[in-house]
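Colleague: just coords:
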């Protein structure tokens, strides 16, 4: 288990902030990912490293149904989003594309932007400075989609 | 135990007698809609990721180009080409430039009791006809198009009992913005917002569309008005039959119940950058907030009742020289009706720019995009940071009459008498 750099965001981060409308019709996710969080931090995409964690407050991903939002995060190599709560469409889209989204009510106040945290996906825990926080377990059905690598991977498996 | 209206729709789609909140069911979808905001990605995934690419029932699939229509740059043109070609190759019905996707779905497809996936968050609109419409991403859409099915976790239902009628000069727009202000941007997250009571039945179908459309801004999975005779008539007028007219059982369980007296609702102006940043017009107008642009349109507020309200306000007046006033009818049918009523002439004589039917300013990508520090008053769906253009710009939300009055005055107000 390795430590991840934490990018901390506030409550109600909407999908327009994750990836703005004017980039959604670019040809593919690779072309869009450089604009991730542009309105909040224009250098985010440049600085984010594979394995980094996003930690957020309530209602992360509210707004539009654009799957481009979780997809750009996944394309940048974000390991998971850990939030107090998620907006439902973002949550479902993330599971469908195989980006772990984890509800953890208590972590937020114990971690700083730029700090480090250790996520153990299978145990469902996040550790910061030796202090362990438990995350809400996903229903088995969703866990299965996530571990297959997403909804399409799981469909392909069924049809194999 | 009794079921709610929404639970009954899921039970029907799942082919089971009963469902309860938090159950996960496989459902057969009645229809699937995708627009040009994401379809190019879906098409890529169809060809590149599916082991066994197929479409379960092409007649249940609808493609609608409405977000960047007509194309504003070569990249969009390529994305559109991909969508157009896919529709042609697979016999899928495609609408191009006919209007905003949800308005077209209401006019041509939605029936009560149906379960519909739309690759757009405002698919909650379809609850205006007693259907369960919910927004999904392109992976969900692709899975649904390929298999004809999907998985649904049954949400809890929040019931809103509406009483009485809205006063003159107060609109369904003000009602739903008030409700969102009360319960908050995640107040109905993962829940169904159900509207019933005499006040709900007093609302026209157009007004119910306004209500259900914005329920997603409180996080709802669906917003549904208990269907009645008006739904039957609307379906009939559009060549369809209303079959599954569900309502909640008397002993159905609700997560919460709210009561609203419609006669107490007042005109609302939502401040930037969240849809639940509620304020009353009477307070905001004291500040005389200067605007650069005003917009009437969108899937929320671009129907004939909204255009009529805007035209009544600007009739015989002139738009402020400091303001661009942009109007986008929600569909071709709305546009033609507005032409026939003389509404378009009135708006144009006042100085409005009339757009083709599409998402327009609300989507902040192809028409009326606002620049650095500019201020927009909009009947669109959202006021998120940067939603209509530059990240430093600001979006206020109001009803169509207030947006039109502000266009004339040059600042946020409902008064044009002294101008």
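Modeller: Ah, there it is. Please read these numbers as outputs of a predicted model, since none were measured by experiment.

Colleague: residue ranges for the helices of chain A, please.
Modeller: Applying DSSP state H to chain A gives helices spanning A:15-18, A:29-32, A:44-47, A:68-75, A:88-97, A:140-148, A:151-158.

Colleague: point out where the chain drops to low pLDDT.
Modeller: Looking at chain A here, since you left the chain open. Applying pLDDT under 70 to chain A picks out residues A:1.

Colleague: can you look at chain B instead?
Modeller: B:418-419.

Colleague: kindly list the longest strand within it.
Modeller: Across chain B, the longest stretch assigned as strand under DSSP state E is strand B:156-163.

Colleague: ditto for chain A
Modeller: strand A:3-9.

Colleague: next, the angle helix A:68-75 makes with that one.
Modeller: Between strand A:3-9 and helix A:68-75, the angle comes out at 160 degrees (axes from the mean of the first three to the mean of the last three CA atoms, to 10 degrees).

Colleague: list the buried residues of strand A:3-9.
Modeller: A:4, A:5, A:6, A:7, A:9 (16 or more other CB atoms under 10 Å in any protein chain shown). Every C-beta, even on glycine, is put in place using the N, C-alpha and C of the backbone.

Colleague: now the closest residue in space to residue B:381 that isn't next to it in sequence: how far from chain A?
Modeller: With CB to CB, 6 or more residues apart in numbering or on different chains as the criterion, residue B:381 has its nearest non-adjacent residue at 4.9 Å, and that residue is residue B:300. With distances taken as CB to the nearest CB, to the nearest Å, residue B:300 is found 14 Å from chain A.

Colleague: in which helix or strand would I find residue B:300?
Modeller: Under the criterion of DSSP states H and E, residue B:300 resides in helix B:298-301.

Colleague: please apply the same query to residue B:223.
Modeller: Per DSSP H and E: strand B:222-225 holds residue B:223.

Colleague: just checking, residue B:158 touches residue B:188?
Modeller: Yes - using CB atoms under 8 Å, residue B:158 is in contact with residue B:188, at 5.6 Å.

Colleague: tell me which of those two has more neighbours.
Modeller: More neighbours surround residue B:188 than the other of residue B:158 and residue B:188, with 29 against 23 (other CB atoms under 10 Å in any protein chain shown).

Colleague: show me what contacts the more buried one?
Modeller: Applying CB atoms under 8 Å, 6 or more residues apart in numbering or on different chains to residue B:188 gives the contacts B:158, B:215, B:218, B:219, B:220.

Colleague: repeat that with 10 Å
Modeller: Contacts for residue B:188 (CB atoms under 10 Å, 6 or more residues apart in numbering or on different chains) come out as A:88, B:155-158, B:160, B:179-180, B:215-223, B:255-256.

Colleague: nearest spatial neighbour of the closest residue to chain B within chain A, skipping sequence neighbours?
Modeller: Closest residue of chain A to chain B, CB to the nearest CB: residue A:67 (3.1 Å). Among residues not flanking residue A:67 along the chain, residue B:137 sits closest, at 3.1 Å (CB to CB, 6+ apart).

Colleague: over to the one you found: give its phi and psi.
Modeller: phi -90, psi -180 (degrees, to the nearest 10).

Colleague: got the phi/psi numbers for the residue nearest to residue B:372 when sequence neighbours are not counted?
Modeller: Excluding the flanking residues, the one nearest residue B:372 by CB to CB, 6+ apart is residue B:390, at 4.7 Å. Main-chain dihedrals, residue B:390, degrees, to the nearest 10: phi -60, psi 140.

Colleague: excluding chain neighbours, what is closest to residue 100?
Modeller: With no chain named, the answer covers chain A. residue A:80 (3.9 Å).

Colleague: please go with chain B instead
Modeller: residue B:299 (4.5 Å).

Colleague: quick check, the one you found in contact with residue B:120.
Modeller: Yes - at 8.4 Å, residue B:299 counts as touching residue B:120 under the criterion of CB atoms under 10 Å.

Colleague: of the two, which one has the most company?
Modeller: Between residue B:299 and residue B:120, residue B:120 has the larger neighbour count (other CB under 10 Å), namely 32 against 29.
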